[in-house]
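> A predicted structure for the sequence below; I have some questions about it.
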Amino acid sequence: MPPGHRHTPYRMSLKPRARRLRSEPTPAERKLWFEYLRTCPAKFTRQKPLGRYIADFYCAEFRLVVELDGDSHFNERGASYDARRGEALALLGIRVLRFTNAEVLEAFEGVCGEIDKVLQQGVRR
């Protein structure tokens, strides 16, 4: 491995689920991927297993996760899960950026601008 490279462990049992999620993106995931992240100069991957979780989008170079939240995230159980997940990813040195599906679909340029801003400020690993 190159100097400074850190492998992020994950559960192998998550790979089939991640593969399935990649083949069935939500409309917001599809839009963000095909209209921005797929051609972003910083390389992103979709539905990436990280630790015990699967991130919607992950940029290893900047150790950045972009999560898109649908309705299931807007209740007490979803919020609690998201908090635990965010803490676990932070312990791995990964930053999480969250957007709602509605933000992606209705304020796309703003979402892309926020991701750009974080990437420009970001520290490469």
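It's in. Numbering: from 1, shown residues only.
> what about the helices in the chain?
15-23, 27-35, 76-91, 101-106, 108-121 (DSSP state H).
> among those helices, which comes closest to Leu64?
helix 108-121 (6.5 Å; C-beta to C-beta). In this view, the C-beta of every residue, glycine as well, is placed from N, C-alpha and C.
> re the thing from before, quick one: closest of the helices of the chain to Val66.
Judging those by C-beta to C-beta, what sits closest to Val66 is helix 108-121, at 6.3 Å.
> now the helices of the chain as a markdown table including mean neighbour count, distance to Leu50 and mean pLDDT?
As requested, the helices of the chain are exported to a markdown table (neighbours: other C-beta atoms under 10 Å; distance: least, C-beta to C-beta, whole Å; pLDDT from 0 to 100):
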| stretch | mean neighbour count | distance to Leu50 | mean pLDDT |
| --- | --- | --- | --- |
| helix 15-23 | 12 | 10 | 76 |
| helix 27-35 | 18 | 16 | 97 |
| helix 76-91 | 13 | 6 | 84 |
| helix 101-106 | 16 | 21 | 96 |
| helix 108-121 | 14 | 17 | 95 |
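> dump these into JSON lines; add distance to Leu64 as well.
Putting the helices of the chain into JSON lines (distance: least, C-beta to C-beta, whole Å) gives the following:
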{"stretch": "helix 15-23", "distance to Leu64": "18"}
{"stretch": "helix 27-35", "distance to Leu64": "14"}
{"stretch": "helix 76-91", "distance to Leu64": "10"}
{"stretch": "helix 101-106", "distance to Leu64": "16"}
{"stretch": "helix 108-121", "distance to Leu64": "6"}
